[in-house]
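[1] dropping a prediction and its sequence here:
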Amino acid sequence: MNLLKKNKTVVILIFLGIGLWSAYQYVFAAPLTTNEITAAYQGEAEDFKQLVQNDFDQWHNKIIQITGSITAIQENGILLNQNIYCQFDDKLKDAAENEVITLKGRVIGFDELLEEIKLNQCIIIQK
Amino acid sequence: MKNAIVIIIGLLMTLHLNAQKYFTRTGITQFEASEKAFEPVEAINKSTTAIFDANTGQVAAQVFIAAFQFDNALMQEHFNENYMDSHQYPKAIFKGELKDFSKNKLTSDSSFDLDGTLTIKGIEKEIHTKVYLKEENNRLYVTTNFLVKPEDFDISIPSIVRDKIAKQIQISIAYELIEKK
C-alpha cells in the first residue's frame, strides 16, 4: 500500500497513457480490410443472386463470401456467374474462364447501368 | 410478315452496331474537402461505373457511396452513416451530355463542355464543367473536376467539425473507358 501511495503519480500516468493510446487508436484507426471482417453471407453465388432479389438494401456495404464460376475476365476484376462483378485491388493473376472460385468481397451496390451486382476489395479464398 | 421481321431485326442490328458506346466499371472518383491545418478530409472511389455514347455525347455514371475509401475508419463510418446515409441512398448518379461532341474533334488535349444533373441523396443539382477527353489505343481517357456544396444536397455538417470541412468540396474524376461490345 505504502508502495502504491509512493508511486501514485506513476500509476496515474500509466493509466492516463493507456487511455490516451486507446483513444488515439480508436480515432485514427485505418478501415478494416476484407480479410479482417467476418462474412455476413457464405455460400453459392447463384443462391446469393436469388437472395438479393427480395431485398438488396440490407446487403449494402456487407462483406460476403461466394463460390461461383468465372464467366469473364477484366483488367481489375472478374464476372462471376454472368452478373456479379468482383473488383480486386491488385492485378489478377492466373484466373481462367469457367474456373470455379471462392472469393470474399464487399457488396457496394446494384449497378443499374450494367445490371450487375457489384463487389469491391475482393480477395481470393480458394480456387 | 416474315420479311418484315427480318427487316426489323436487320435494322435493330445496324442501330446496335452504330451505337458506339464506351464504358468502365472501375472509374476513379475522388473528393477533397480538407481545410488547411486540419486532418485531410478526402476519399477515393475506384469502382465508379460510367457509360458514354460517342454518337450522341450522352454520359451516365453511378458512384457507389460505400466504395469511397478513407484512410481513417471513423471518418469512413461517419461519411456513410451520418453525412451520406449510404444505406438509404447507396449511390450518386450523374446524367449529362457533352456539348457538340464528335469523335472527329478528339485530339490529345481536346475538351468539351459538360452539362448534366448530379443526384446525391435524391436531390438533383445542375452541373456545368469542362471535360478533358482523349483517345488512345481505342480507349477514351476522361478527366474533369468541379465543386459542390454540402448544403446543396441537404448534408448538414455539425458545428463541432464545421471548421475542419471545406465549404466547397472538390470532386475529381478520371475514367478510362473501353469500347462496349
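    Perfect, I can see it now. Numbering: from 1, shown residues only, chains lettered A, B, ... in the order given.

[2] now do the same contact list for the residue nearest the centre of chain B.
    Centre of chain B computed as the mean C-alpha position; nearest residue by C-alpha atoms, centre = their mean is B:Ala61, 4.6 Å away. With contact set as C-beta atoms under 8 Å, 6 or more residues apart in numbering or on different chains, B:Ala61 has these partners: B:27, B:29, B:48-51, B:93-95, B:173, B:175. For the C-beta atoms, the positions are set from N, CA and C on the backbone; glycine is no exception.

[3] now narrow those to whatever sits close to chain A.
    The overlap between the contacts of B:Ala61 and the neighbourhood of chain A (criterion: C-beta under 8 Å from any C-beta of the partner chain) consists of B:49-51.

[4] specify the local secondary structure of the closest residue in space to A:Phe88 that isn't next to it in sequence.
    Nearest residue to A:Phe88 in three dimensions, chain neighbours excluded: A:Cys122, at 5.0 Å (C-beta to C-beta, 6 or more residues apart in numbering or on different chains). Secondary structure of A:Cys122, reduced to three states by DSSP: H, G, I helix; E, B strand; the rest coil: strand.

[5] and A:Cys122, how far is that from chain B?
    Note on A:Cys122: its distance to chain B, by C-beta to the nearest C-beta, to the nearest Å, is 11 Å.

[6] residues touching residue 112, list them.
    In the absence of a named chain, this looks at chain A. With contacts defined as C-beta under 8 Å, 6+ apart, the neighbours of A:Glu112 are B:Gln62.

[7] I was after chain B.
    B:Phe112 sits in contact with B:57, B:98-101, B:105, B:130-131, B:133, where contact means C-beta under 8 Å, 6+ apart.

[8] and those, which are buried?
    With neighbours counted using 16 or more other C-beta atoms under 10 Å in any protein chain shown, the contacts of B:Phe112 contain these buried positions: B:57, B:98, B:101, B:131, B:133.

[9] the last one: which element?
    For B:Leu133, the host element (DSSP states H and E) is strand B:123-136.

[10] now do the buried residues in the next helix or strand after that strand.
    Past strand B:123-136, further along toward the C-terminus, the next helix or strand under DSSP H and E is strand B:139-148. Applying a neighbour-count criterion of 16+ other C-beta under 10 Å, one finds B:140, B:142, B:144-146, B:148 buried in strand B:139-148.

[11] so B:Ala166 touches B:Ser34, yeah?
    Yes. Applying C-beta atoms under 8 Å, one finds B:Ala166 in contact with B:Ser34, separated by 6.3 Å.

[12] the strand holding B:Leu133 vs strand B:139-148, what angle?
    For the pair strand B:123-136 and strand B:139-148, the angle between their directions (axes from the mean of the first three to the mean of the last three C-alpha atoms, to 10 degrees) equals 150 degrees.

[13] quick one: is strand B:123-136 near chain A?
    No. Strand B:123-136 stays out of contact with chain A when judged by C-beta under 8 Å from any C-beta, the minimum separation being 15.1 Å.

[14] coming back round to it: more neighbours: B:Ala166 and B:Ser34, which one.
    For the pair B:Ala166 and B:Ser34, the greater number of neighbours falls to B:Ala166 (19 against 15), based on other C-beta atoms under 10 Å in any protein chain shown.

[15] mind listing what the residue most central in space within chain A touches?
    Centroid-nearest residue in chain A, with C-alpha atoms, centre = their mean: A:Thr34, separated by 2.7 Å. For A:Thr34, the contacting residues are A:63, A:104-106, A:121-123, taking C-beta under 8 Å, 6+ apart as the criterion.

[16] how near is A:Glu61 to chain B?
    For the record, residue A:61 is Asn, not Glu. Between A:Asn61 and chain B the computed distance is 4 Å (C-beta to the nearest C-beta).

[17] redo the contacts of B:Phe112 as a markdown table? Include pLDDT.
    Listed next are these as a markdown table, based on pLDDT from 0 to 100:
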| residue | pLDDT |
| --- | --- |
| B:Gly57 | 95 |
| B:Leu98 | 95 |
| B:Lys99 | 94 |
| B:Asp100 | 92 |
| B:Phe101 | 94 |
| B:Lys105 | 89 |
| B:Lys130 | 96 |
| B:Val131 | 96 |
| B:Leu133 | 94 |
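
[18] pipe those residues into TSV and attach distance to B:Pro40 per row.
    TSV is the format used below for the contacts of B:Phe112 (distance: C-beta to C-beta, whole Å):
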residue	distance to B:Pro40
B:Gly57	35
B:Leu98	32
B:Lys99	34
B:Asp100	38
B:Phe101	35
B:Lys105	37
B:Lys130	26
B:Val131	26
B:Leu133	29
